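In: Kindly generate the corresponding structure for this input.
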Amino acid sequence: MAPTTLITFTDVQLAFGHHPLLDHADFSIQAGERIGLIGRNGAGKSSMLRLLDGRTQPDDGDVARASGLRVATVEQEPELDESMTVFDVVNSTDEDHEDWQRGSRVRSLLERLGLPTDALIGGLSGGTRKRVALARALAGNPDLLLLDEPTNHLDFDGIAWLEDLLRGWKGSAVIITHDRRFLDAIATRIVELDRGRLLSFPGNFSQWQERKAQWLESERLEQARFDKLLAQEEVWIRKGVEARRTRNEGRVRRLERLRVERAERRERQGNVNLALAEGQRSGKLVAELEHVTKAFDGRIVVNDYSTTLLRGDRIGIIGPNGAGKTTLLKLMLGRLQPDSGSVRMGTNVEVAYFDQMRAQLNETDTLADVISPGSEWVEIGGTRKHVMSYLGDFLFSPARAGSPVSSLSGGERARLLLARLFARPANVLVLDEPTNDLDIETLELLEALLQEYTGTVLLVSHDREFLNNVVTQTIANDGPGIWNDYVGGYDDWLAQRRVIAPATAPAASAPAADEEKPAPAAARPKPTKVSRLSSWETRELEGLPDAIAALEAEQEGLSGKLADGSLYRDAPDEVARINARISEIEKELEAKFERWEALEARRDAS
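Out: Numbering: from 1, shown residues only. Okay, the predicted model is just below:
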């Protein structure tokens with residue numbers, strides 16, 4: 001039985017000015033799917049959510065919805081009435097029909113989510129407000145849940161809670177997020193919005209990365225063949241007389257079509273070009289904290305904490321919302337004095353600060369003024385660069401250089417702040433939630449830049465993959481006011497934290513059911529004579545590379561079919577068949593690679 005189709009796009013077009021966000025796009029959502037919607041900042045992901053929930057209508061094409069479909073949307077920055085209580089906000093609804101069970105359902109939700117029923121919205125943190133907005137969406141029992149950057153403002157516990165909620169969610173969901181670990185945990189399909197097209201890839205983010213690489217290589221080869229043909233035809237037409245002969249009119253018309261097709265090709269937008277203006281080298285010691293304590297209104301935020309920051313350290317600071325991560329940062333930088341203990345700053349420390357609230361950006365300033373006020377030039381690594389060229393490195397066109405900050409999206413603001421940050425000479429980079437609003441490709445480029453940076457990095461983030469890829473040391477909040485140092489990133493902190501058993505744990509407990517017991521030591525086998533390959537095994541070994549190449553080609557072709565969004569609409573059974581065949585191919589490939597290694601090992605040993 002084919003799954004129920006909730007929403008279908010047929011030949012949908014949507015443009016912002018002259019910039020097409022959806023270009024003759026086909027797309028569908030099946031019941032039970034959890035779709036990760038990804039793409040560059042400004043590609044139109046949030047606009048697509050507005051099409052899905054009906055707030056926006058397409059310029060052309062058709063959007064069909066299942067009868068009685070209930071859709072709930074949670075915005076990136078939810079608008080909640082500051083004067084209302086949590087219960088009243090979650091219980092509020094725009095629907096006219098009576099829902100007698102809503103009140104009891106809301107109370108059950110609030111209890112399960114640990115939300116303060118009678119608290120006023122105005123006094124809540126960003127993470128708690130996001131939970132309230134999610135609870136309000138869930139209270140209506142929607143068939144389709146639309147989430148725009150749901151992990152922003154959530155701490156690790158909040159992200160884990162949301163992952164569990166979505167994995168157990170019986171409805172469908174479309175989630176816009178840059179959190180790669182989150183996508184791996186919850187997505188059943190990745191849909192990329194790329195140059196107006198919607199490309200579908202079954203599976204989670206890691207699987208998408210593999211298949212997208214294959215797809216991009218196929219696209220590159222296809223475009224190279226097209227460009228070669230066009231170049232040949234352009235040479236032919238310039239011969240003149242032969243091209244004008246009647247019998248060659250068909251070839252002339254084909255050349256005209258090729259030119260039109262080439263003009264309509266939408267080239268992939270370039271990557272952000274990141275480079276840091278490193279300042280004068282700091283001393284070996286950046287900061288030293290000894291027995292530091294800090295409290296606010298009687299609540300101890302940092303309690304008797306000591307640590308040393310050395311030049312070149314890349315340190316991640318992690319903990320729940322409200323634990324005091326920003327306070328700890330300010331203590332380390334000497335911008336806040338401790339109640340007791342001492343902070344000693346090193347020499348030649350030049351700090352560049354990335355503020356998660358984007359407070360450093362003046363809404364009325366132009367982009368050029370933000371980067372280089374009063375000058376047309378910036379200096380990066382000893383090289384002068386015109387401000388227009390520098391803005392271009394961060395994907396801002398010259399036409400936008402005079403635009404005010406107020407015209408930028410959240411992702412564009414994050415990019416502009418990075419541009420401003422990197423234009424200032426600094427040997428200590430402080431990044432407070434830099435990953436919010438950045439697209440995945442820019443995140444990966446930022447990771448690579450920070451890995452090569454020779455200065456010191458202090459990073460506050462809830463992006464687990466980003467922490468793993470950047471930091472070499474973690475300072476974690478392990479309880480109210482308690483801060484401890486760990487070697488490595490997020491996963492290393494988890495592993496080390498689990499090793500520290502609680503004081504009440506028995507000295508020798510029985511192994512967990514899923515824990516592997518050590519195998520008894522086996523008697524050492526007597527050396528055996530290595531057998532030579534038989535003639536048929538030699539032929540099998542010689543044929544394995546071609547067999548593997550054929551399977552990989554079939555896998556690539558099937559992945560290309562799945563990238564066509566119309567297949568999910570027109571032939572959902574075919575999607576299931578293709579996915580099953582791809583799984584079979586992966587098993588066959590694994591078996592053939594193992595066989596290849598075994599035969600080669602025997603051949604080399606004989």
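In: count of residues packed around the closest residue to L115 other than its chain neighbours?
Out: Spatial nearest neighbour of L115, excluding adjacent residues (Cβ to Cβ, 6 or more residues apart in numbering): V86 at 5.4 Å. Backbone N, C-alpha and C define where each C-beta goes, glycine included. V86: 25 surrounding residues under other Cβ atoms under 10 Å.
In: wait, doesn't V86 sit right on L113?
Out: No: here V86 does not reach L113: they are 9.8 Å apart, not a contact under Cβ atoms under 8 Å.
In: thinking again about what came up before, so for the residue nearest to L115, what's the pLDDT?
Out: Looking at V86, its pLDDT is 92.
In: how much space is there between it and L494?
Out: Distance, V86 to L494, by Cβ to Cβ, to the nearest Å: 31 Å.
In: cool, R311 as well?
Out: For R311, the distance to L494 equals 28 Å [Cβ to Cβ].
In: got the contact list for R569?
Out: 5, 8-10, 26-28 (Cβ atoms under 8 Å, 6 or more residues apart in numbering).
In: Where does it fall, secondary structure wise?
Out: Using DSSP states H and E, the element containing R569 is helix 565-570.
In: Pass me the low-pLDDT residue ranges in the stretch 251-400 of the chain, would you?
Out: Low-confidence segments of the stretch 251-400 of the chain, defined by pLDDT under 70: 251-253, 255-256, 258-280, 356-360, 381-382.
In: list the buried ones in stretch 351-369?
Out: 351-356, 358, 361, 366-369 (16 or more other Cβ atoms under 10 Å).
In: so which of those comes closest to V460?
Out: Q356 (7.5 Å; Cβ to Cβ).
In: Just want the most central residue of this protein.
Out: H178 (2.3 Å; Cα atoms, centre = their mean).
In: tell me the pLDDT at that one?
Out: For H178, the model assigns a pLDDT of 90.
In: how far away is it from H462?
Out: On the measure of Cβ to Cβ, H178 and H462 end up 12 Å apart.
In: and stretch 362-380, how far apart are its ends?
Out: End-to-end distance for stretch 362-380, by Cα to Cα, to the nearest Å: 23 Å.
In: next one: stretch 105-123
Out: Stretch 105-123: ends 24 Å apart by Cα to Cα.
In: wait, E556 sits on Q214?
Out: Yes: assessed by Cβ under 8 Å, E556 is found in contact with Q214 at 4.9 Å.
In: quick one on the thing from earlier: you'd agree the residue nearest to the centre of the chain is in a helix?
Out: No: assignment of H178 by DSSP: H, G, I helix; E, B strand; the rest coil gives coil, placing it outside any helix.
In: how close does it sit to R602?
Out: According to Cβ to Cβ, H178 and R602 sit 48 Å apart.
In: Which residues are in contact with P434?
Out: When contacts are counted by Cβ under 8 Å, 6+ apart, P434 touches 354, 356, 414, 418, 446, 459, 461.
In: element containing it?
Out: Under the assignment here (DSSP H and E), P434 is part of no helix and no strand.
In: I440 versus K561, what's the distance?
Out: Distance, K561 to I440, using Cβ to Cβ: 24 Å.
In: more neighbours, these two?
Out: More crowded of K561 and I440, by other Cβ under 10 Å: I440, with 20 against 13.
In: Now that one. Nearest residue, chain neighbours left out?
Out: H178 is the one closest to I440 (Cβ to Cβ, 6+ apart), at 5.3 Å.
In: how much space between that neighbour and E149?
Out: Counting by Cβ to Cβ, the gap from H178 to E149 is 7 Å.
In: now do P202
Out: Applying Cβ to Cβ to P202 and E149 gives a distance of 23 Å.
In: L52 too?
Out: 16 Å.
In: what's the answer for V174, then?
Out: Remark: distance between V174 and E149 (Cβ to Cβ) = 12 Å.
In: Of these two, which one has the most company?
Out: More crowded of V174 and E149, by other Cβ under 10 Å: V174, with 26 against 23.
In: what about R299, neighbour count?
Out: Considering only other Cβ under 10 Å, R299 is surrounded by 10 other residues.
In: and it, what does it touch?
Out: Contacts of R299 (Cβ under 8 Å, 6+ apart): P480.
In: Can you dump the C-alpha atoms of the helix or strand harbouring I29 in CSV for me?
Out: Element membership for I29 (DSSP H and E) is strand 19-30. Only the C-alpha atoms of strand 19-30 are listed here, as CSV (Å, rounded to 0.1, in the frame of the first residue of the first chain):
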residue,chain,number,x,y,z
HIS,A,19,15.9,35.9,-8.2
PRO,A,20,14.0,32.6,-8.6
LEU,A,21,13.8,30.7,-5.4
LEU,A,22,11.8,27.8,-6.9
ASP,A,23,12.2,27.2,-10.6
HIS,A,24,9.6,24.7,-12.0
ALA,A,25,10.0,22.6,-8.8
ASP,A,26,8.3,19.2,-8.2
PHE,A,27,8.1,18.0,-4.6
SER,A,28,5.9,15.9,-2.3
ILE,A,29,5.7,14.9,1.4
GLN,A,30,4.6,11.5,2.4
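In: which residues are contacting that strand?
Out: 3-15, 35, 43-44, 47-48, 51-52, 58, 61, 144, 172, 174, 191, 193, 195-198, 200, 266, 564-566, 568-569, 572.
In: hang on, the residue nearest to I440 packs against T435?
Out: Yes: between H178 and T435 there is a contact under Cβ under 8 Å: 6.5 Å.
In: Overlap of the contact sets of those two?
Out: 443, 463.
In: how about the helices of the stretch 251-400 of the chain, start to end?
Out: Assigned by DSSP state H, counting those that start in this stretch, the stretch 251-400 of the chain shows helices spanning 325-332, 367-371, 387-393.
In: next one: stretch 290-302 to chain centre, how far?
Out: 35 Å (Cα atoms, centre = their mean, to the nearest Å).
In: pLDDT-wise, which helix or strand of this protein ranks last?
Out: Every helix and strand of the chain was ranked by mean pLDDT, DSSP states H and E. The lowest is helix 241-244, at a mean of 50.
In: For stretch 556-573, measure first residue to last.
Out: The first and last residues of stretch 556-573 sit 19 Å apart, counting by Cα to Cα.
In: what does stretch 63-82 give?
Out: OK, stretch 63-82 end separation, Cα to Cα: 35 Å.
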